[in-house]
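Chemist: How does the following fold in three dimensions:
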Amino acid sequence: MSELSTLARPYAEAVFRMAEAENDLAGWSSRIASLAAIVSDAQVAALIADPSVPADRVAGLIADVAGADLGERGGNFVHVLAENDRLPLLPEIGKQFETLKAAAEGTLEASITSAQELSQAQIDDLVAGLKAKFGRSVNVQVAVDPELIGGAVIAIGDQVIDGSVKGRLQRMSFALRA
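Modeler: Numbering: from 1, shown residues only. Coordinates of the predicted model:
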């Protein structure tokens, strides 16, 4: 996972700088998300992995599927990734691009995973607390994982706030073993 992150970083940063210079962060965000979805398709992934298919042919196919919204620079980006065997990195490039975009816009991306479905009031309270803690606006993705038993886990960038019952039990188990 960290290797993918390391390989994707220069591409994400380069596209981010270009998008920022063009004042088109939202447009590039959409393009990269679309490209990531295309390369995540099983048939396209098999085509990318097939060494008998030339990189420029794969890039052309992906650009055709992405459509006119990809534009010339987007097409060039796809060709560079194809020539360097980096097309499978597009989902990770997208994640890193979104992180850079959020930082530039002064927002944080947070993931809240709870043991039970949260009400909108609970989500709003958590977002308000995160906004106060970090001093920035927060966009959240909410998920449910019953294995947490109770409570929630909040991930913001590389920080994790584990308030789950499962997490507390694991910490207690580690403490008792020490």
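
Chemist: and residue 146, what is it in contact with?
Modeler: Applying Cβ atoms under 8 Å, 6 or more residues apart in numbering to residue 146 gives the contacts 115, 116. C-beta coordinates here come from the backbone N, C-alpha and C atoms, glycine included.

Chemist: Need the per-residue pLDDT for it.
Modeler: Residue 146 is assigned a pLDDT of 92 by the prediction.

Chemist: quick one: low-confidence parts of this structure?
Modeler: Confidence mapping of the chain against pLDDT under 70 gives the ranges 1-2.

Chemist: Which helix runs longest in it?
Modeler: helix 2-21 (DSSP state H).

Chemist: Identify the residues contacting it?
Modeler: So helix 2-21 is contacted by 25, 27-29, 32, 73, 77, 81, 86, 89, 92-97, 100-101, 104 (Cβ under 8 Å, 6+ apart).

Chemist: repeat that for 10 Å
Modeler: Applying Cβ atoms under 10 Å, 6 or more residues apart in numbering, the contact partners of helix 2-21 are 24-29, 31-32, 73-74, 77, 80-81, 84, 86, 88-101, 103-104.
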